[in-house]
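Q: Give the three-dimensional model of this entry:
(2 chains)
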There are 2 protein chains.
Amino acid sequence: MPKTPTTSTPTSGAISDSEHNIDTLLFADWIITVDADDTTLQNHALAINKGCIVDILPSAQASAQYNAETEHQLSGQALIPGLINAHTHAAMTLFRGLADDLPLMEWLEGHIWPAERKWVSDEFVHDGSLHAAAEMIRSGTTCFNDMYFFPDITARVVDNVGMRAIVGLILIDFPTIWANDADEYISKGLAVYDHYRSNPRVMTAFAPHAPYTVSDQPLQHIAALAEEMDIPIHMHVHETAFEVKQAIEQTSRRPLQRLHEKGIVTPRLLAVHMTQLNNEEIRLVAENNASIVHCPESNLKLASGHCPVQQLISAGINVALGTDGAASNNDLDMLGEMRTAALLAKAVANDASALPAHQALRMATINGAKALGMEKTIGSLETGKSADIVSIDINNIETHPIYHIISQLVYSTTRNQVNNVWVAGKQLLKDKTLTTIEEEHVLTKAVEWQEKIKQYD
Amino acid sequence: MPKTPTTSTPTSGAISDSEHNIDTLLFADWIITVDADDTTLQNHALAINKGCIVDILPSAQASAQYNAETEHQLSGQALIPGLINAHTHAAMTLFRGLADDLPLMEWLEGHIWPAERKWVSDEFVHDGSLHAAAEMIRSGTTCFNDMYFFPDITARVVDNVGMRAIVGLILIDFPTIWANDADEYISKGLAVYDHYRSNPRVMTAFAPHAPYTVSDQPLQHIAALAEEMDIPIHMHVHETAFEVKQAIEQTSRRPLQRLHEKGIVTPRLLAVHMTQLNNEEIRLVAENNASIVHCPESNLKLASGHCPVQQLISAGINVALGTDGAASNNDLDMLGEMRTAALLAKAVANDASALPAHQALRMATINGAKALGMEKTIGSLETGKSADIVSIDINNIETHPIYHIISQLVYSTTRNQVNNVWVAGKQLLKDKTLTTIEEEHVLTKAVEWQEKIKQYD
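A: Numbers count the residues shown, from 1 in each chain, chains lettered A, B, ... in the order given. I've put the predicted structure just below:
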């Protein structure tokens, strides 16, 4: 960690006789920085001013050096960077558990698509996004990369509750309640982009649904626009073997090859799932610096196949982590997802040393930030970055003894151990209680939707 | 569920003008019975008298019909049978996270075995077993099937804290702190058996470690004794491909075949792991009515291979569920293990409808009871069975909406939602607080061992 002053951070840890006035000091037993060296610090403090991390230093020094408006003594707690859920469909929390244990096509065609046609509206997306935000904050996620209808509504919810998100400007070949054709999808997307372009916490990305649902022309249009607007492209790619087989039959080539031809495989791309990859494709992704988003629980639940995570990491590819939507997971819990990723990668690689705990944590933090082009702002606890911070209660029977703190975090910690959450310095969870969302309201709405939806399922 | 009186339960749900005096009434939003039909009931009550379930009936009727000494209004909660952890090494919780992300042999030979040689003692087993008991009760496990050194100590801990367990009378070819040779392992085991033979909650099983660590003569001796004493045999079998390959080289046959020749493959056998099975072996296990214990998280973490769960169930084999020890998991959380089992089975079977939620719940309850020969006493919530009951808080954002209650339990519930636990009618967890174990004492001991052990690792 930087222990000397830098020009960009006038209040950093220089030894000084005079006290610096700052907003907040967090004193914690552990700070898990996820910096380049995976540094972990014991009995350190983290100083926050104007929404940014301005210093990380030994607790005793911090008390002498800073005069903070608010001090938090986080005894028995570890600070980690806010978790980044790199792929989800937030509003689908209202479909959680609606159709489990079904073959993929029966799940999609017999349940999820009909339910979406019947129920998705601006009100549904509002209530579902708010529910998802509550669940994500409670489990330590501060930023999510979303793909769903009514991105304007999800953006408004995120802005209101104080989280950080990248809302996907969805595009799909067929008409939906959100838009009728490619031109309308794009023009409505551009309106959302314009509305939020100067918002510090709500960003946008193009979200063409998948190779099998988006035709060549809109793909090329998106490739050009993304470059011009400087935003990411968020897309399901090679989720199942069926998708690849079908594409070969219909287009005589594999979907990733087609995306490459249309200019989509660039550093802007977050290719989600990627369970079907040959060596040539892994090279293609690596050479073009695209990112891959791994969603292990969704891939398991839908029997979609395995993403070869360790092989991708060895090839130098940036791999982030996502939960997918709650209809195929069935939660938005990134702590649980890290654990599943770390466990599953070992079986897939047939090597118990594959995806060690610290790499799984990187996937859920800094790698997500890199995939979204936000690694200068979020993804690690370092001076100069935004104060997107989570404190975890480790003073539990279930996380003791502690031989290696990152191991305990990844393999033994569950979501209920998240105590406090800050985004850009603002506290969104305080001693396990949401500060910007009324939990009772969320539960009431969930039951209302449940009663309506279950009558028709 | 029985709604009419039966001869064995004089206080069952017959409509009657006179009130019955009983010990306890539990009123819950849901009762998930895990009976033969996987019945779930809303707004019912469960009546307990003298440690047994004497009735399950609609809440309104229960109030009229029973006069209970204690009543619990478990609003927003679901009752499930106490979870049964069919394979663990309880005392190893003190090694949790000591050596993660390592290849299997380096983990075992370089870390776990040396640590065991250095640290395992009666005091270690006492503190580790107590820690494990606290963790298991807090996560809804009421009964566990253990294998470790000093089974007498683990038995005493279990007896004191009020849980139910089957302690393994361990046998391994080489000398350890517990015994020097096969005769001593057996005679010390028999002493533990004698001491606990009339205990209603502490049972014993033979626990020959594994085919590759137990030679023919003690195996045959155990086969004969188990029959005579009428107790189970608990053994690691076919955990890895390496084990099978090595056995073929050394004995010219696969380990399961050798066990069968020695009389071990009977309804008494709990064969743990079983990641390497051909069709002939699946038939052998099915024909001999042996049970298999699946430990998905340990198998993933050590890259041991996959147990073909759906195939075993289709073959009619009784499959139970275990966490294994906390050194290879890294928790003793059966709710999490159910979820991993249900998710992983779909990928292994390449079928999203494999191991549906209700079957995963059966593995963690009634199938464990069957494997241990205890299905008449525990494993489901039915009149006449022991009152081994867990209440789960489902009034959470993370478990809403509720379309299918068993789906929510298996795919969305985490251990912290366990509110109350009863074993044989005695409450061991009350509003998330342990009643028979001092949590602070367990944490203090964990830190003491951690400080000693980490100096040497």
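Q: Tell me where the stretch 251-400 of chain A has helices.
A: Secondary structure of the stretch 251-400 of chain A by DSSP state H, counting those that start in this stretch: the helices cover A:255-261, A:279-287, A:296-301, A:309-314, A:334-349, A:357-363, A:366-371.
Q: Check which helices and strands the fifth one sits against.
A: Spelled out, that is helix A:334-349. Helix A:334-349 is packed against strand A:83-88, helix A:296-301, helix A:309-314, strand A:318-321, helix A:357-363, helix A:405-412, helix B:296-301, helix B:334-349, with contacts defined by 3 or more CB pairs under 8 Å, 6 or more residues apart in numbering or on different chains; DSSP states H and E. Just so you know, the C-beta spots here come from the backbone N, C-alpha and C atoms, and that holds for glycine as well.
Q: Using PDB, write down the CA coordinates of that helix.
A: Listed next in PDB are the C-alpha coordinates belonging to helix A:334-349 (Å, rounded to 0.1, in the frame of the first residue of the first chain):
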ATOM      1  CA  MET A 334     -21.100 -12.700  -4.900                       C
ATOM      2  CA  LEU A 335     -19.500 -14.200  -1.800                       C
ATOM      3  CA  GLY A 336     -21.300 -17.500  -2.600                       C
ATOM      4  CA  GLU A 337     -20.400 -17.100  -6.300                       C
ATOM      5  CA  MET A 338     -16.700 -16.700  -5.500                       C
ATOM      6  CA  ARG A 339     -16.700 -19.800  -3.400                       C
ATOM      7  CA  THR A 340     -18.500 -21.800  -6.100                       C
ATOM      8  CA  ALA A 341     -16.000 -20.400  -8.700                       C
ATOM      9  CA  ALA A 342     -13.000 -21.400  -6.600                       C
ATOM     10  CA  LEU A 343     -14.400 -24.900  -5.900                       C
ATOM     11  CA  LEU A 344     -15.600 -25.700  -9.400                       C
ATOM     12  CA  ALA A 345     -12.500 -24.400 -11.200                       C
ATOM     13  CA  LYS A 346     -10.500 -27.200  -9.400                       C
ATOM     14  CA  ALA A 347     -12.700 -29.900 -10.700                       C
ATOM     15  CA  VAL A 348     -12.800 -28.500 -14.200                       C
ATOM     16  CA  ALA A 349      -9.000 -28.100 -14.400                       C
END
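Q: Report the angle between that helix and helix B:334-349.
A: 40 degrees (axes from the mean of the first three to the mean of the last three CA atoms, to 10 degrees).
Q: before we move on, back to that, now, of the helices of the stretch 251-400 of chain A, which is deepest in the fold?
A: When those are scored by mean count of other CB atoms under 10 Å in any protein chain shown, the highest mean neighbour count falls to helix A:366-371 (a mean of 28).
Q: Up against chain B, what does the stretch 251-400 of chain A have?
A: Taking CB under 8 Å from any CB of the partner chain as the measure of proximity, the stretch 251-400 of chain A contacts chain B at A:297, A:299-303, A:305-306, A:329-331, A:333, A:336, A:340, A:342-344, A:346-347, A:349-357, A:395, A:397-398, A:400.
Q: Try it again at 6 Å.
A: The stretch 251-400 of chain A comes close to chain B at residues A:300-303, A:330-331, A:343, A:346-347, A:350-353, A:356, A:397-398, A:400, as judged by CB under 6 Å from any CB of the partner chain.
Q: which residues of the stretch 51-200 of chain A score low on pLDDT?
A: By pLDDT under 70, the stretch 51-200 of chain A has no low-scoring segment.
Q: Just the helices from it, written as ranges.
A: A:59-65, A:104-107, A:113-119, A:122-138, A:151-161, A:182-196.
Q: Could you single out the most deeply buried of those?
A: Ranked by mean neighbour count under mean count of other CB under 10 Å, these are led by helix A:122-138, which reaches a mean of 25.
Q: does chain B sit close to it?
A: Yes - using CB under 6 Å from any CB, helix A:122-138 comes into contact with chain B via A:134-135.
Q: Next, the angle from that helix to helix A:151-161.
A: Using the same axes, to 10 degrees: helix A:122-138 against helix A:151-161 is 40 degrees.
Q: Go ahead and produce CSV holding the CA coordinates of helix A:122-138.
A: Included here for helix A:122-138 are C-alpha records, laid out as CSV according to Å, rounded to 0.1, in the frame of the first residue of the first chain:
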residue,chain,number,x,y,z
ASP,A,122,-41.9,-0.5,-16.0
GLU,A,123,-43.5,-1.3,-12.6
PHE,A,124,-42.1,-4.9,-12.6
VAL,A,125,-38.6,-3.7,-13.5
HIS,A,126,-38.8,-1.0,-10.8
ASP,A,127,-39.8,-3.4,-8.0
GLY,A,128,-37.5,-6.1,-9.2
SER,A,129,-34.5,-3.8,-9.5
LEU,A,130,-35.1,-2.4,-6.0
HIS,A,131,-35.4,-5.9,-4.6
ALA,A,132,-32.1,-6.8,-6.3
ALA,A,133,-30.4,-3.7,-5.1
ALA,A,134,-31.4,-4.5,-1.5
GLU,A,135,-30.1,-8.1,-1.9
MET,A,136,-26.9,-7.0,-3.5
ILE,A,137,-26.1,-4.3,-0.9
ARG,A,138,-26.9,-6.8,1.9
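Q: If anything else comes up later, I'll come back, but that's it for now.
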